[in-house]
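In: predicted model and sequence below, questions to follow.
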Amino acid sequence: MSRLVVVSNRVAPITEGEATAGGLAAGVMDALRHSGGLWFGWSGNTVPDVVPPGTLPPGLPPAIARSGPVTLYTTDLTRRDYDDYYRGFANGTLWPILHDQTALSRFDRGEFAGYRRVNAHFARHLADLIGPEDVIWAHDYHLLGLAEALRALGVTNRIGLFLHTPWPAPSVLMAVPAHAELLRAMTHYDLIGFQTERDRQAFGDYVRREMGGEELPGGVFRVRERSLRTGVYPIGVQVEALRAEARTAGAERLPALRASLAGRSLVMSVDRLDYSKGLRQRFRAYERFLAEHPDWHRRVEFLQIAPPSRADVEAYQVIRRELEGEAGRINGRFAELDWTPLRYLNRSFPRNALMPLYAAARVGLVTPLRDGMNLVAKEYVAAQDPEDPGVLVLSQFAGAACEMASALLVNPHDEAGVAAALEQALAMPLAERRERHADLLAVMRRNSLERWRDRFVADLRGLPTAAQAA
Ligand code: ADQ
């Protein structure tokens, strides 16, 4: 029997009956429950370095847990692996490059070697776990080298990769000194999925221009004597489940929430605290809105929820300090004894607490500088009451903007433009809000999480294996 084998940097802790935190975890778990299968990745734990530098880690056997028809295998990383692979190359080099932040990217050959070492470590464990018919679905920028490492072990199974992040233009990618090795490694995948056509084309530009690859019909590239298929699979949310959650949680909590707002309109944003999310520019745009619209003072409140992430990477410490300063400054400038214009919370909330907040918000302000998709935009729309919906203000640089044309699309670098969109959203008449919301919901139903999962898995299963193609 052919099983689905999912590999991601982290295996989300799964508690039966509890909503999982992010869309990825929910989608992956759902896909696995459908077909049965296994999920492999890092446990989130680090162990002290037990081997001298330059030698391979000893390969502790993975821990095993079961959840219905799904088996979860997790492995620990040594402290050095964590520093080189996760903190170093994945989040210090690749993440900024993938989000067009060349100036924030640093490169260290030792860290790149660590990245390859951990990909090889994952591959060795996986090779022991899989059967000949299994299909392997890897996730995200941590695992660009996994297929190459598996092939080196003689694995001929179908291997796919879905990239949750954007993919940059060749000139940006080439700022990574190891770009050629990295891209060569990626050609060992059978299928690479992107969030948008823009990302797929940027990848194709590199393959054609820098690797001499040839593009055939159907998104297939012939490169280095291999066939690599590429496709666009925009990730979605479980629309009906989220709507039901918003209704249930909302019925309980919404009245109290509305009372606490005392008639003020709530503008809301939820992001991991990350420089790609455009928080500083967003705060500045809100400040500008307040400065230009004194008529809105006391009538609006902006709630920014941003739990710290990757706090041991320096660029993240810098953005955190900056935002604390900005929030204090804006409140210092505009607050009154009975009005705090900006509430900035550095913590995460369970989904059943987030949904009623989304539902109460008149405006969802989602303005990343660059984002693979952005699921918060979709969660916000799902939570709205179709009879009296709020308005989504969305960055044109989020992958979601490719589908969500009925949002108010903005350039997050344009403070005046974002401030104007905020005012337009707050003042938007009911009929227009309903029409835009209905359009957005229809698109989201078409591109749901279930469809993302089904299309990717069907395409991967439909490919010939490396052995068959040879
Ligand atoms: P992220 O960069 O994490 O994901 P996003 O798509 O917005 O960004 O997903 C975040 C998820 O975490 C959402 O489900 C959101 O509700 C949840 N979340 C965020 N802050 C939270 C908080 N304070 N409390 C509780 N939950 C919170 C990456 C890519 C995105 C891509 C996704 C999925 O960067 O571009 O859309 O993967 O592919």
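Out: Good, I have the coordinates.
In: contacts and neighbour counts: CA atoms only from here.
Out: Will do.
In: show me what Met268 is bridged to.
Out: The residues paired with Met268 through beta bridges, assigned by DSSP bridges, are Leu303, Gly364.
In: number of residues surrounding it?
Out: The local packing of Met268 (other Cα atoms under 10 Å) involves 23 other residues.
In: write out the residues of the stretch 51-200 of the chain neighbouring the ligand.
Out: Applying Cα under 6 Å from any ligand atom, one finds that the stretch 51-200 of the chain approaches the ligand through His164, Thr165.
In: show me the shaky parts of the stretch 51-200 of the chain.
Out: Regions of the stretch 51-200 of the chain meeting the criterion pLDDT under 70 cover residues 51-61.
In: show the contacting residues for the residue lying farthest from the centre of the chain.
Out: Ranking residues of the chain by C-alpha distance from their mean position (Cα atoms, centre = their mean) puts Leu337 at the top, at 38.7 Å. Remark: with contacts taken as Cα atoms under 8 Å, 6 or more residues apart in numbering, Leu337 is in contact with nothing.
In: equivalent analysis for Glu403, please.
Out: Taking Cα under 8 Å, 6+ apart, one finds Val443 in contact with Glu403.
In: do you know how far it is from the ligand?
Out: Glu403 sits at a distance of 13 Å from the ligand (criterion: Cα to the nearest ligand atom, to the nearest Å).
In: again, but for Asp81
Out: Here the distance between Asp81 and the ligand works out to 22 Å (Cα to the nearest ligand atom).
In: got the contact list for that residue?
Out: Taking Cα under 8 Å, 6+ apart, we find Asp81 in contact with Gly114, Tyr115, Arg117, Val118.
In: in CSV: the residues you listed, plus secondary structure and neighbour count.
Out: Putting those into CSV (DSSP: H, G, I helix; E, B strand; the rest coil; neighbours: other Cα atoms under 10 Å) gives the following:
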residue, secondary structure, neighbour count
Gly114, helix, 23
Tyr115, helix, 26
Arg117, helix, 21
Val118, helix, 27
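In: what about the helix or strand encompassing Glu287, average pLDDT?
Out: Following DSSP states H and E, the helix or strand that holds Glu287 is helix 279-292. Mean per-residue pLDDT for helix 279-292: 98.
In: next one: stretch 257-276
Out: On average, the pLDDT along stretch 257-276 is 92.
In: mind checking the end-to-end distance for that stretch?
Out: Using Cα to Cα, to the nearest Å, the end-to-end distance of stretch 257-276 comes to 30 Å.
In: now what about that stretch, what contacts it?
Out: Surrounding stretch 257-276, the residues in contact under the criterion Cα under 8 Å, 6+ apart are 96, 99, 277, 298-309, 315-316, 319-320, 357-358, 360-366, 368-371, 376, 426.
In: in strands, which of those fall?
Out: Judged by DSSP state E, the subset of the contacts of stretch 257-276 located in strands is Val300, Glu301, Phe302, Leu303, Gln304, Ile305, Val363, Gly364, Leu365, Val366.
In: give me the below-cutoff pLDDT ranges for the stretch 201-350 of the chain.
Out: Along the stretch 201-350 of the chain, the model assigns pLDDT under 70 to no residue.
In: helices along that one, start to end?
Out: Assigned by DSSP state H, counting those that start in this stretch, the helices in the stretch 201-350 of the chain fall at 239-261, 279-292, 314-334.
In: out of these, which is the most enclosed?
Out: Ranked by mean neighbour count under mean count of other Cα atoms under 10 Å, the helices of the stretch 201-350 of the chain are led by helix 279-292, which reaches a mean of 20.
In: helices or strands next to that helix in the packing?
Out: Using 3 or more Cα pairs under 8 Å, 6 or more residues apart in numbering; DSSP states H and E as the contact definition, the elements that helix 279-292 packs against are helix 314-334, helix 415-426.
In: so what touches that helix?
Out: Residues lying outside helix 279-292 but in contact with it, judged by Cα under 8 Å, 6+ apart, are 296-297, 322-323, 326-327, 330, 334, 367-368, 412-416, 418-420, 422-423.
In: now for the nearest residue to Arg106 once chain neighbours are set aside, how many residues are close by?
Out: Counting by Cα to Cα, 6 or more residues apart in numbering, Arg106 lies nearest to Thr93, which is 5.2 Å off, once chain neighbours are set aside. Neighbourhood size, Thr93 [other Cα under 10 Å]: 24.
In: now swap in Glu432 and tell me
Out: For Glu432, the tally of surrounding residues (other Cα under 10 Å) stands at 12.
In: phi, psi for the residue in the stretch 151-300 of the chain that the ligand sits nearest to please.
Out: Minimum separation of the stretch 151-300 of the chain from the ligand (Cα to the nearest ligand atom) falls at His164, amounting to 4.1 Å. As for His164, its main-chain torsions (degrees, to the nearest 10) stand at phi -80, psi -20.
In: that one is in contact with Met373, isn't it?
Out: Yes. Using Cα atoms under 8 Å, His164 is in contact with Met373, at 7.3 Å.
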